[in-house]
Structure formats: C-alpha cells, structure tokens
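for reference, the sequence and a predicted model appear below.
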Amino acid sequence: MAQYSAEIDGVFVALADPTRRGVIRRLGLGPTSVGDLAREFPMTLPSFMKHVRTLEANGLIRTVKVGRVRTCALNRDRLALVGDWLAEQRRIWEERTDRLEHLVTELKEKDDESRS
C-alpha cells in the first residue's frame, strides 16, 4: 500500500503544474519532439526540460532519443493509476453518503413514529 501511495503521490505532484498538464494534454494527441512541445510554452528550453524530466521520472511520459531529436510519448497506463485512485475515492464517498442517507432516513422515521 505504501508503494501505491508513493506512486500516486508522484503522479499528482507531476500533474500539479499547469505546464506539465499542458504537455500531457498535447501528448494525448500523439507523440511529438521536445522541440515542438517546448515551442508551445513561454519558457526557455532548459526550464521546459525540467518539466519533461519530472513527467518522465513519474512515469507519465516516455522519451526516446534518435540522433539529435528527443521524442515524447504519453504513458496512458500510468494515467490509469489516477483513474483507478479516483474511482476508489468515488466508491468510498458514495458508500459514506449512502450510509448517511440511511441514518437520516432512520432518524426521521423514528421521529415520525414518536410524534404519532
């Protein structure tokens, strides 16, 4: 469980930055070179590369260098980790709200009975 927690923490840290989310959005359209990606963001290439390294270190993207061109591709399996975590949280909160609704209904019924 602790490894899962560390993995999801890293993914959320990587996704916390709007530039990195923009890179993920762009790579959702397909692989592209770092140079082409960097042109879409108002920063220097070294600053942009820090974002690429963070995304790569957390498994959200993969990069491959062929000659002088480094190409980035989205790791959709890693994004599924976020989807799985969110689905688990949704299930937990739905169960809690169902229990709360049941409790409120029971209390209301008991109140109605005591008034009769």
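That came through fine.

rest of the way, CA atoms for contacts and neighbours
OK.

mind naming the longest helix for the chain?
helix 76-115 (DSSP state H).

quick one: mean pLDDT for that one?
For helix 76-115, the mean per-residue pLDDT is 85.

what helices or strands is it leaning on?
Contact analysis of helix 76-115 by 3 or more CA pairs under 8 Å, 6 or more residues apart in numbering; DSSP states H and E lists helix 2-15 as its packing neighbours.

so the helix or strand that comes right after the helix it packs on versus helix 2-15, what angle?
On the C-terminal side of helix 2-15, the closest following helix or strand by DSSP states H and E is helix 18-27. Relative orientation of helix 18-27 and helix 2-15, computed by axes from the mean of the first three to the mean of the last three CA atoms, to 10 degrees: 90 degrees.

now for helix 18-27, which elements pack on it?
Packed next to helix 18-27, using 3+ CA pairs under 8 Å, 6+ apart, are helix 45-57, strand 69-74.

show me what counts as buried in the last one.
Across strand 69-74, burial judged by 16 or more other CA atoms under 10 Å covers 71-74.

and for stretch 41-49?
Here stretch 41-49 shows Phe48 as buried, counting by 16+ other CA under 10 Å.

Val11 touches Ala57, doesn't it?
No: judged on CA atoms under 8 Å, Val11 makes no contact with Ala57 at a distance of 9.3 Å.

who's more crowded, these two?
Val11 (21 against 14; other CA atoms under 10 Å).

separation between that one and Arg21?
As judged by CA to CA, to the nearest Å, Val11 and Arg21 stand 11 Å apart.

tell me, how many residues neighbour Val34?
Neighbour number of Val34 under other CA under 10 Å is 20.

okay, now Thr32: neighbour count?
Residues near Thr32, counting by other CA under 10 Å: 17.

so what sits opposite it in the bridge?
Cys72 (DSSP bridges).

OK, contacts around it?
71-73 (CA atoms under 8 Å, 6 or more residues apart in numbering).

now these as TSV including pLDDT?
Shown next, in TSV, are these (pLDDT from 0 to 100):
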residue	pLDDT
Thr71	96
Cys72	97
Ala73	97
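
all good on my end, thank you.
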